[in-house]
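# Let me see the structure of the following:
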Amino acid sequence: MSDLPIYRMLNADVGVTSLIDVEAKVWEAVAPEGTQAPYVVWQIISGQAENHLDAPANFDNVQFQIMVYDTSSKYASALRGAIRSALESRAWILNPTINQYDSNARLYGRGFDANWISDRSTTED
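Purely as a prediction, here's the structure:
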């Protein structure tokens, strides 16, 4: 489990919760086999400690990716937009328009990459 408060932030946003049940449909790393669309998967894709020569790192720069999957490209895009809005106050959006289609699963994927600066000196992000 990561330290990023993705679930908390998505659960706190009415724009997201009006579109999806965060507790049942948002997964870190991978959705369980058989999960019905729509669903959201997020994962950390890289990170870097903000080191100093005279002290340990007090900030981590964490890059993560969010992917939304649904049978409708329009719905997947709308959900991606709501999630972006919910996280954008705390994360720097890098690539806002990841688009894909899985012909085997017949699902549209819509997502984005973002950076999160995590303050290691506090327990709350």
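
# C-terminal to the longest helix seen in the chain, what's the next element?
Assignment by DSSP state H gives helix 73-87 as the longest helix of the chain. The helix or strand immediately downstream of helix 73-87 is strand 91-102, counting by DSSP states H and E.

# which residues touch the longest helix of the chain?
Helix 73-87 is contacted from outside by 6, 9-10, 12-13, 15-16, 18-20, 38, 40, 66, 68-70, 93, 96, 101, 108-112, 114, using CB atoms under 8 Å, 6 or more residues apart in numbering. Heads up, the C-betas are built off the backbone N, CA and C, glycines and all.

# bridging residues for Gly47?
Going by DSSP bridges, Gly47 is paired in beta bridges with Val62.

# for it, what are its contacts?
Going by CB under 8 Å, 6+ apart, Gly47 touches Asp60, Asn61, Val62, Gln63.

# now, the most widely separated pair of the residues you listed?
Asp60 and Gln63 (10.4 Å; CB to CB).

# Can you list the low-confidence ranges for the chain?
Along the chain, the model assigns pLDDT under 70 to residues 1-2, 57, 119-125.

# Name the residue closest to the centre of it, please.
Centroid-nearest residue in the chain: Ile66, 3.5 Å away (criterion: CA atoms, centre = their mean).

# Which secondary structure state does that residue sit in?
Ile66 falls in the strand class when you classify it by DSSP: H, G, I helix; E, B strand; the rest coil.

# Dig out what it forms beta bridges with.
Trp42, Phe112.

# how near is it to Ala29?
12 Å (CB to CB, to the nearest Å).

# now the farthest one out in this structure, which residue is it?
When distances are taken from the C-alpha mean of the chain, Asp54 lies farthest, 33.3 Å away, according to CA atoms, centre = their mean.

# what's the burial count for Ala31?
The tally of other residues near Ala31 (other CB atoms under 10 Å) stands at 17.

# That one is in contact with Pro38, isn't it?
No. Ala31 is not in contact with Pro38 according to CB atoms under 8 Å; the separation is 10.5 Å.
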